[in-house]
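1. need a 3D model of the sequence below.
(chains A and B)
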Amino acid sequence: MQQISRRTALALGAAGAAFSVFGLGTGAQATPETAAAEIAKFAGGKAPVAGKITIELPEIAENGNTVPLAISVDAPMTEDDYVTDVLVLADGNPNPGVATFHFTPLSGKADASTRIRLATTQNIVVTAKTSKGAVYTASKLVKVTIGGCGG
Amino acid sequence: MADAPKIRVPKTAKKGEIVEIKTLMPHIMESGQRKDKDGKTIPRKIINKFVAEFNGKPVFSADMDPAIAANPYLQFNAKVNESGTFKFSWTDDDGTVTTSEQKIEVA
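-> Residues are numbered from 1 along each chain as shown, chains lettered A, B, ... in the order given. Below you'll find the predicted structure:
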C-alpha cells in the first residue's frame, strides 16, 4: 500500500478540480472566459503581451471539419532563448483546447501547422511562452459557414 | 492501427540547416462530441500526443485535443547538425503507440 503524501493529495485534488472546469465542458459552448482561464493557467500568472505571433487561417472556412492553421512565433530559437510552449485555443468550440505545441532549440523555428475543427465562427487564441519567461499572445477571427465537431 | 503514417523528411541537408517535416497520421479522431443514431454519445478516441525526436533528442511535440481534424496533420521544422534518424510517435487514447523512423544524411 503506497502512502499518499499530503503534497501528492493536494496536487491530485488540484488536477481533478482543473479537469472538472476545463475537461468536461461537453454540450456547453466554451466561452472567451473559459479560454481566458486556460490562458491564465498556461501563463502562470504573467500577463501575456500582444505580438510576436503570426496566425495563418482562412478568413472564411466553408468546412469547419478541417480548417488549415499555421502558427509561427518570432524567436531566435537558440539554446538560451527559445519558444518552449504554444497553447492554441478556439474560444467558441465545445472545449476550447485545440493543441499545445512544445518546441526545443532543435526545432530551429517556432513554426507549426495542422488542421483543426471549428464548431462555429470564433476566435483562435494563441499564447506562447519562452525559455526566458516571456509570454506572448495573439488571436484571429475565423468565420465558419458549416461547423465541425459533429455540429 | 491499420494505416501507416505518411511522413515527408528531406533525404539530405547541410549542417545546421532547418528542414521542414510533414507528418500525417490516418486516424478517425472521434471527438467524443458526436452522438450515434440512438442518441448515445460516441466515446472519444483521438491521437492525443505526437513526439518527434532526432538521435534521441526532443525536437518537437504536440498535445492534441479533439479539435484537431481527422487524420492529424502536423508540419514543423528541425535544425540538423549531424546525420541521424528522426523518430516519430503517435499515442492513441487507447494507449496504442505508433512509431516511424526516417534517416537524413547531413553533409
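
2. can you tell me the helix or strand for A:Ala37?
-> helix A:32-43 (DSSP states H and E).

3. give the next helix or strand downstream of that helix.
-> strand A:49-50.

4. other SSEs contacting that next one?
-> strand A:135-144 (3 or more Cβ pairs under 8 Å, 6 or more residues apart in numbering or on different chains; DSSP states H and E). Glycine gets a C-beta too; all of them are placed from N, C-alpha and C.

5. what is the end-to-end distance of stretch A:54-68?
-> End-to-end distance of stretch A:54-68: 14 Å, with Cα to Cα, to the nearest Å as the criterion.

6. still on that earlier bit, close to chain B, is the helix holding A:Ala37?
-> No: contact of helix A:32-43 with chain B (Cβ under 8 Å from any Cβ of the partner chain) is absent, the minimum separation being 10.8 Å.

7. nearest residue to B:Gly84 in space, please, no chain neighbours.
-> Taking Cβ to Cβ, 6 or more residues apart in numbering or on different chains as the measure, B:Gly84 lies nearest to B:Asn55, with 4.0 Å between them; neighbours along the chain are not counted.

8. could you check how far the one you found is from A:Thr104?
-> Here the criterion is Cβ to Cβ, to the nearest Å. By it, B:Asn55 lies 13 Å from A:Thr104.

9. surely the residue nearest to B:Gly84 and B:Glu82 touch.
-> Yes: because the distance of 7.1 Å satisfies Cβ atoms under 8 Å, B:Asn55 is recorded as touching B:Glu82.

10. ramachandran angles for the residue nearest to B:Gly84?
-> B:Asn55 adopts backbone torsions of phi 50, psi 40, taken as degrees, to the nearest 10.

11. now A:Ser107
-> Backbone torsions for A:Ser107, taken as degrees, to the nearest 10, come to phi -70, psi -30.

12. could you double-check that it sits in contact with B:Ala62?
-> No: at 11.5 Å, A:Ser107 and B:Ala62 do not qualify as touching, with contact defined as Cβ under 8 Å.

13. many thanks, have a good one.
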